[in-house]
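Undergrad: Sequence first, then the predicted structure, then my questions.
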Amino acid sequence: MIKKYTAIVVEDEYLPRMSLLQKLKDYHPEIQVLADCEDAETAIEMILKLRPEILFLDIQLSGQNSIWLLEQLQDTSVNPYIIFTTAYNEPEYLLKAIKLDAVAYLLKPVNIQELAQAVKKVEDKINHINVDTGHCTVSTFKTLNSILVLKQDEILYCEADGNYCQLYLENGTVEIIFERLGELEKRLLNTSIIRAGKSFLININYVYKIDNKHNICMLKSTKEKLYNIKLSPSGIEAIKHRID
């Protein structure tokens, strides 16, 4: 059986949108297109509802643009891999794609071979070094001088630190890893670890108390150590939504 990867296509021009959809249908049966959208407003609604793994996104959308769309996703738990499409072969667009952590950047009309390379790249990232070991997922993380191997239930929470992340572990230690929070979120497939605002991933299994007045989430380790985390209101709501 072919493993399926879910996707949404966002393209404001009809013919390029239909062309890409047809190429995905003809050459990539493993890609299940959940929806195709012609504007950012419709796209954000569909992305939040359907939670695709991959987003094919026209970088020059009319009206609300692709940057606006990605900004709307920052405070949510939805973080698809981005494949940008564009009609312009200009360095400024490539730079935008790099800054927005795009996995690939495709010129329109989309070349079949380049599409295949982009799809393979995303599929490899989705399957990247997450190993199912019975009832627990093990992941690897690159630190300054070593490779860290952890079970996901050993992670209390993660905090963004520029291009790096700090992992707060259940044993009381803190590790700095060379990975951005968005990339880390995609790899932590355990459903107990969720995005809580722009800067945090929280393991909801360790949530002990929520202070609604001050927007503080308190975590408690098995060793009874407490961690008070100041979150945005949207981060608090994301946690409450999952534990209710």
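TA: Right, received. Where do you want to start?
Undergrad: residues contacting the residue nearest the centre of the chain?
TA: The centroid of the chain falls nearest to residue 79 when counting by C-alpha atoms, centre = their mean (2.7 Å). Residue 79 is in contact with 73, 182, 185, 186, 195, counting by C-beta atoms under 8 Å, 6 or more residues apart in numbering. C-beta coordinates here come from the backbone N, C-alpha and C atoms, glycine included.
Undergrad: need the helix or strand of the chain with the lowest average pLDDT.
TA: Of all helical and strand segments in the chain, the minimum by mean pLDDT, DSSP states H and E falls on strand 130-133, at a mean of 46.
Undergrad: before we move on, the earlier item: may I ask which two of the contacts of residue 79 are separated the most?
TA: 73 and 186 (12.5 Å; C-beta to C-beta).
Undergrad: looking at the contacts of residue 79, which has the most residues close by?
TA: Compared across the contacts of residue 79, residue 195 has the highest neighbour count, 25 neighbours, by other C-beta atoms under 10 Å.
Undergrad: If we ignore the residues flanking it in sequence, what's nearest that residue?
TA: residue 77 (4.1 Å; C-beta to C-beta, 6 or more residues apart in numbering).
Undergrad: For the one you found, what are phi and psi?
TA: Per-residue torsions, residue 77: phi -90, psi 10 (degrees, to the nearest 10).
Undergrad: Can you tell me the SS state at the residue nearest to the centre of the chain?
TA: Classification of residue 79 by DSSP: H, G, I helix; E, B strand; the rest coil places it in coil.
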